[in-house]
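[1] here is a sequence together with a model predicted from it:
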Amino acid sequence: MPKRVRFVEDIVWSFSRYRMVSTCHRQDYYNYVRRVLKTPNTPETLAGSILHDKIENFYHTKGKKKGQPKHKNAEEFAEAARGTWAYEVQMAEKGFLKKKPIAWRSLQKTNQYERTTGEVLQELNDWAGVEEEVEDETTKRRIKGEFFRWRSVIYALAKKIYANYSQQSPPMYAEDKTNVIMVKGVRMFGIIDAFYKPMTIRDHKSRALEITPDALARDAQFTMYAGILSYLCSRDMNTAVKMGVPKEDFPKLWQDPLYLIDKFKCEHHFLHTGKVEKGEERQVKIIDAPPRKKEDFITIVENMKKYQETARKGHFEPTYGTHCQWCFFKTKCDSDNENGIETKIAEQLDLVKPEIKEWDRFEKRPEKIKVRARRTGQQKFAFMKEETIKTPEETPNTGDANAIRS
């Protein structure tokens, strides 16, 4: 019996998932629907997440020092970031705290042959550590070189980050997850790196190359975040006031939930992690993005809706391109193509919700099971408790929306 998967109707879109769907439907199938492989970290993603975390927790949030930097100077801040890098790598290599393994570039290209990222991933799924698994001394030296290179990159960028943020006021929100909104049957949310008053969205990006103006204008992430915040402001005026929305915009916002989408200021915080020439310094700068367009947000929603309809039919066709060379699922995808698995996906998955009666779900379950209950008016705070499930004769179905469900 195939493993049950989440129904397509249950999709709550994030930008990460939308970007993956835009790249390849089969990639989304492997990563979000079936979760066939445990994707590892790359040195780039691990370094970026460490810098994100350091920026998020840069200021004191309580007490007399609220709003002040936690570290006294740039040297102390950089040392802390460098120490976090060493700690995370050590935990990942030893498999502690369920840390993801690291797909070092040296494992993909050795002195004997070249391997794709997907082939490396097959070995990393049960990987315990470099010292135990990698026997080639040349590869060990290269991994060590990668470790120290990224440690120096983090140290240099952390100093630049401290110089910039120590002169700024703290953001209103940092690494904040928005509420889920529904637009035309599509549910989505955003995780915004930083929000400043008034109406300023900032996204931190650690990249090897600076983003081009054309790519920044077409960036779907800012468009998605601006649309979500505009929609939330139209539903809650208190939120709009906190974010600095002018009161004269309220009447138009009530009529059009996406009225503010081009009013938000979007800032791309560029952290340069690529190669630098001798004598040059790594760049850490803020680039203003062009205003977002309502038409682009509607296009994103339509693309999400179209994918949901396609996936509901069990179609997860691969999209071939240059991205296949760095795809973590390349080996799995090639194997499925050879065995004709792509034509059987619809048969393997139960993507359509079965039509069952209200009480059929309890027929084969024990009397005492763990069920999820929600407090009235507080849907975010769910709690688990044990409760005896009664038969339909003992407890008639009243249609209460807050009734306990499994």
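    Received, thanks.
[2] just the element for the residue nearest to the spatial centre of the chain, please.
    Per Cα atoms, centre = their mean, the C-alpha nearest to the average position across the chain is that of Ser16, at 4.8 Å. Assessed by DSSP states H and E, Ser16 sits inside helix 15-23.
[3] what's that helix packed up against?
    Judged by 3 or more Cβ pairs under 8 Å, 6 or more residues apart in numbering; DSSP states H and E, helix 15-23 is in contact with helix 25-28, helix 220-235, helix 294-312. For glycine as for every other residue, the C-beta is placed from the backbone atoms N, C-alpha and C.
[4] can you rerun that using 10 Å?
    Counting contacts by 3 or more Cβ pairs under 10 Å, 6 or more residues apart in numbering; DSSP states H and E, helix 15-23 packs against helix 25-28, strand 186-188, helix 220-235, helix 294-312.
[5] helix or strand right after the longest one?
    Going back to what we said before, that points to helix 294-312. Downstream of helix 294-312, the first helix or strand assigned by DSSP H and E is helix 330-338.
[6] helices or strands up against that following helix?
    helix 25-28, helix 117-124.
[7] buried residues, it. List them.
    Lys330, Thr331, Lys332, Cys333, Asp336 (16 or more other Cβ atoms under 10 Å).
[8] now distance to Glu44 too, for the residues you listed, in TSV please.
    Shown next, in TSV, are the buried residues of helix 330-338 (distance: Cβ to Cβ, whole Å):
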residue	distance to Glu44
Lys330	18
Thr331	21
Lys332	22
Cys333	22
Asp336	27
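[9] out of these, which is nearest to Asn303?
    Cys333 (21.9 Å; Cβ to Cβ).
[10] surely that closest one is in contact with His25?
    No. Cys333 is beyond contact range of His25, at 11.2 Å (criterion: Cβ atoms under 10 Å).
[11] quick check: neighbours shared by the two?
    Residues touching both Cys333 and His25 by Cβ atoms under 10 Å, 6 or more residues apart in numbering: Pro318.
[12] so for the host helix or strand of Ile55, what's the average pLDDT?
    Under the criterion of DSSP H and E, Ile55 resides in helix 43-56. Averaged across helix 43-56, pLDDT comes to 91.
[13] what's the next secondary structure element after it?
    According to DSSP H and E, the helix or strand after helix 43-56 is helix 74-94.
[14] show me where pLDDT drops low in the chain?
    Residue ranges of the chain with pLDDT under 70: 1-9, 37-38, 95, 97-98, 107-136, 341-406.
[15] would you map out the domains in it?
    According to automatic domain parsing, the chain comprises the domains 37-165, 173-306, 356-406.
[16] of those domains, which approaches Asn31 most closely?
    Closest to Asn31 of the domains of the chain is domain 37-165 (Cβ to Cβ; 6.8 Å).
[17] before we move on, back to that, okay if I get the domains of the chain as a markdown table plus mean neighbour count and distance to Thr322?
    As requested, the domains of the chain are arranged in a markdown table below (neighbours: other Cβ atoms under 10 Å; distance: least, Cβ to Cβ, whole Å):
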| stretch | mean neighbour count | distance to Thr322 |
| --- | --- | --- |
| domain 37-165 | 16 | 12 |
| domain 173-306 | 17 | 16 |
| domain 356-406 | 10 | 41 |
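[18] identify whichever of the ones you listed lies nearest to Pro318.
    domain 37-165 (12.6 Å).
[19] for the stretch 151-300 of the chain, just list every one of the helices.
    213-217, 220-235, 237-242, 250-255, 294-312 (DSSP state H, counting those that start in this stretch).
[20] give me the angle between the longest one and helix 220-235.
    Meaning helix 294-312. Counting by axes from the mean of the first three to the mean of the last three Cα atoms, to 10 degrees, helix 294-312 points 100 degrees away from the direction of helix 220-235.
[21] about what we covered before: from Ile191, how far off is the residue nearest to the centre of the chain?
    Separation of Ser16 from Ile191 (Cβ to Cβ, to the nearest Å): 9 Å.
[22] over to Gln255?
    Distance from Gln255 to Ile191, by Cβ to Cβ: 29 Å.
[23] closest to Lys294 among the buried residues of helix 330-338?
    Nearest to Lys294 among the buried residues of helix 330-338: Cys333, at 36.2 Å, using Cβ to Cβ.
[24] what sits against the residue nearest to Asn73 when sequence neighbours are not counted?
    Once flanking residues are discounted, Asn73 sits nearest to Tyr162: 7.4 Å by Cβ to Cβ, 6 or more residues apart in numbering. Neighbouring residues of Tyr162 by Cβ under 10 Å, 6+ apart: 54-55, 58, 69, 71-78, 81, 284.
[25] show me which pair in the residues you listed is furthest apart.
    Maximum distance among those (Cβ to Cβ): 19.8 Å, for Lys72 and Val284.
[26] returning to what we had before: same for the helix holding Ile55, what does it pack against?
    Helices and strands touching helix 43-56, as assessed by 3+ Cβ pairs under 10 Å, 6+ apart, comprise helix 74-94, helix 105-108, helix 137-165, strand 173-177, strand 191-196, strand 200-207, strand 265-272.
[27] and these as JSON lines, adding distance to Ile11?
    Conversion of these to JSON lines gives the following (distance: least, Cβ to Cβ, whole Å):
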{"stretch": "helix 74-94", "distance to Ile11": "30"}
{"stretch": "helix 105-108", "distance to Ile11": "32"}
{"stretch": "helix 137-165", "distance to Ile11": "34"}
{"stretch": "strand 173-177", "distance to Ile11": "17"}
{"stretch": "strand 191-196", "distance to Ile11": "16"}
{"stretch": "strand 200-207", "distance to Ile11": "23"}
{"stretch": "strand 265-272", "distance to Ile11": "25"}
